[in-house]
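> structure, please.
(one chain, ligands or ions: 2)
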Amino acid sequence: MSHDPAQMRPRRFSAQGPLTGRIRVPGDKSISHRSIMLGALAVGETRVTGLLEGEDVLSTAAAMRAMGATIERQANGEWLVAGVGVGGLLQPGTALDMGNSGTSTRLLMGLVATHPITACFVGDASLSKRPMGRVIDPLTQTGARFTSYPGGRLPLIVEGATTPVPLTYRLPVASAQVKSAILLAGLNTPGTTTVIEPVPTRDHSERMLRGFGADLSVELESDGTRIIRLAGEAELKPQTITVPGDPSSAAFFAVAALIVPGSDLIIENVGLNPTRAALFDVLRQMGGAIEELDRRDVGGEPVADLRVRASALTGIEVDPAVVPAMVDEFPVLFVAAAHARGRTVTRGLEELRVKESDRITVMRVALELAGANVTETEDGLIIEGTDGAPLPGTAPDARVATHLDHRIAMAMAVAGLASAQGVEVDDTRPIATSFPVFEALIATATGQA
Ligand SMILES: O=C(O)C1=C[C@@H](OP(=O)(O)O)[C@@H](O)[C@H](O)C1
Ligand SMILES: C=C(OP(=O)(O)O)C(=O)O
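Ligands and ions are numbered 1, 2, ... in the order given. Below is the predicted model of the structure:
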């Protein structure tokens, strides 16, 4: 995807009335990536139902195919992955195009680092600005070699180690991608790979590696630090996986239903893994009516249907400790805060500056353009809400710049649904990276479908 204005797809999102009825969001992006990767490393056939068919996951699938796996979508929507076995990845014939996806890039760099192959990683303009040094640094210690653009940026070449050395690594940033890259590198490494995680991040890799039969243990220290140990030269067994709905996608509809008057919406099948679900707790603390219905287990992850009703929200100080458990949900939380009574303060969001865009600055500019009262700090935003009044929206000649960032486009679309004159975003194309049916579900929930 490029910034070429001729290819951008702008759209004005305007008030369409309340969100009602029932919707179902697509499969979780993090679990979908890992289903393909681990399936491709197992010996035999893994079956995946509910896979997110977003561009990011399709980039992962294309890369795993290029390294030898057979990955096919069946007519009934189920995906079959025939794996090559740990150690069996083949040298890709061309560069691996990671598109817009940080998760694909960092996790696959981990996999390639301990296979005796060389791979070149390329990506779009957004991904090519993102820091890869955070995985290059630890993975270099396995014996892999990296050649990258200055600052550890894409394009980059990974020459995997022929005799990889196991890592013991303490994470300097709270990042599930860095953790997962090291664990995946550990799969084809003799001995024990150890990741020390002072601040817990999403634990899908740990859960799924165990599910695929890897010998992985997690020790919890008294201060909350997690010590994750993985026995190398693992043999993964194929699995049948049902991917739960993505809480990060449900987040947009939860906020829309809270701030659009008269809404009463059921969002079905939402994954509520505690390392992911903090947004819903924060919105409840703000006074949001979010009920969990039929809590159950899907594919080893807690899931519920969420009933969300329009609510008067109150600003709060968001505890920085919850940031990793809602790291992708801040853009849409900011939109909720812009409609609350009083002030919302967020801190500890430095990581947002290195996502698909700098989500602190980009959301400050976007919300200001829509008429909100926002102050940017070094590590967060302070937002004075409207006490339930609609934001004016963007002027007829103004467009929110989304910078190839799907979550900016969707958060500001939600702002548009609750605005007086609509919010125009400059490009809706990036939405397809994580939530291809987003616009269709808006139409369904607002009765326009
Ligand atoms: O491991 C994952 O699947 C992800 C981890 C997070 O990134 P970081 O590890 O950079 O925080 C998150 O922002 C991303 O959307 C998905
Ligand atoms: C940060 C995100 O994804 P990634 O890092 O995989 O590009 C996201 O989906 O918000």
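
> please count neighbours and contacts with C-alpha atoms only from this point.
OK.

> tell me which parts of the stretch 1-150 of the chain are close to ligand 2?
Residues of the stretch 1-150 of the chain that fall close to ligand 2, judged by C-alpha under 6 Å from any ligand atom: N100, S101, G102, T103.

> ok, and the most crowded of these?
Highest neighbour count within those, by other C-alpha atoms under 10 Å: N100, with 26 neighbours.

> hang on, isn't that residue packed against R130?
No: with contact defined as C-alpha atoms under 8 Å, N100 does not reach R130; the gap is 10.1 Å.

> quick revisit: export the residues of the stretch 1-150 of the chain next to ligand 2 as JSON lines, with columns for secondary structure and pLDDT.
Conversion of those to JSON lines gives the following (DSSP: H, G, I helix; E, B strand; the rest coil; pLDDT from 0 to 100):
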{"residue": "N100", "secondary structure": "coil", "pLDDT": "98"}
{"residue": "S101", "secondary structure": "coil", "pLDDT": "98"}
{"residue": "G102", "secondary structure": "helix", "pLDDT": "98"}
{"residue": "T103", "secondary structure": "helix", "pLDDT": "99"}
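
> between N100 and R130, which contacts overlap?
Between them, N100 and R130 share the neighbouring residues E356, with contact defined by C-alpha atoms under 8 Å, 6 or more residues apart in numbering.

> just the residues of the stretch 1-150 of the chain next to ligand 2 that are near ligand 1?
Restricting those to those within reach of ligand 1 (C-alpha under 6 Å from any ligand atom) leaves T103.

> for the closest residue to V57 other than its chain neighbours, what are its contacts?
Distance criterion C-alpha to C-alpha, 6 or more residues apart in numbering; nearest residue to V57, sequence neighbours excluded, is H33 at 5.5 Å. Under the criterion of C-alpha under 8 Å, 6+ apart, the neighbours of H33 are V57, T60, A61, T103, S104.

> tell me the pLDDT at the closest residue to ligand 1 within the stretch 201-350 of the chain?
Across the stretch 201-350 of the chain, no residue is closer to ligand 1 than D328, which sits at 5.3 Å (C-alpha to the nearest ligand atom). Reading off the confidence values, D328 has pLDDT 98.

> the closest residue to it other than its chain neighbours: what secondary structure?
Counting by C-alpha to C-alpha, 6+ apart, S248 is the residue found nearest to D328 once chain neighbours are left out, at 6.7 Å. The three-state label given to S248 by DSSP: H, G, I helix; E, B strand; the rest coil is helix.

> which parts of stretch 157-177 are buried?
Across stretch 157-177, burial judged by 16 or more other C-alpha atoms under 10 Å covers 157-161, 164-169, 171, 174-177.

> so does that stretch get close to ligand 1?
Yes: when contact is scored as C-alpha under 6 Å from any ligand atom, part of stretch 157-177 falls within range of ligand 1: S175, A176, Q177.

> could you do stretch 205-213 as well?
No: figure legend: stretch 205-213 not in contact with ligand 1 (C-alpha under 6 Å from any ligand atom); closest approach 7.9 Å.

> tell me the buried residues in that stretch?
Taking 16+ other C-alpha under 10 Å as the basis for neighbour counts, the residues of stretch 205-213 that come out buried are S205, E206, M208, L209, G211, F212.

> give me the contact list for that stretch.
Where contact means C-alpha under 8 Å, 6+ apart, the residues beyond stretch 205-213 that reach it are R34, S35, L38, A42, S180, L216, E235, L236, K237, P238, Q239, G300.

> would a markdown table of the residues you listed with neighbour count be doable?
Shown next, in a markdown table, are these (neighbours: other C-alpha atoms under 10 Å):
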| residue | neighbour count |
| --- | --- |
| R34 | 21 |
| S35 | 29 |
| L38 | 26 |
| A42 | 25 |
| S180 | 25 |
| L216 | 20 |
| E235 | 18 |
| L236 | 24 |
| K237 | 20 |
| P238 | 23 |
| Q239 | 20 |
| G300 | 16 |
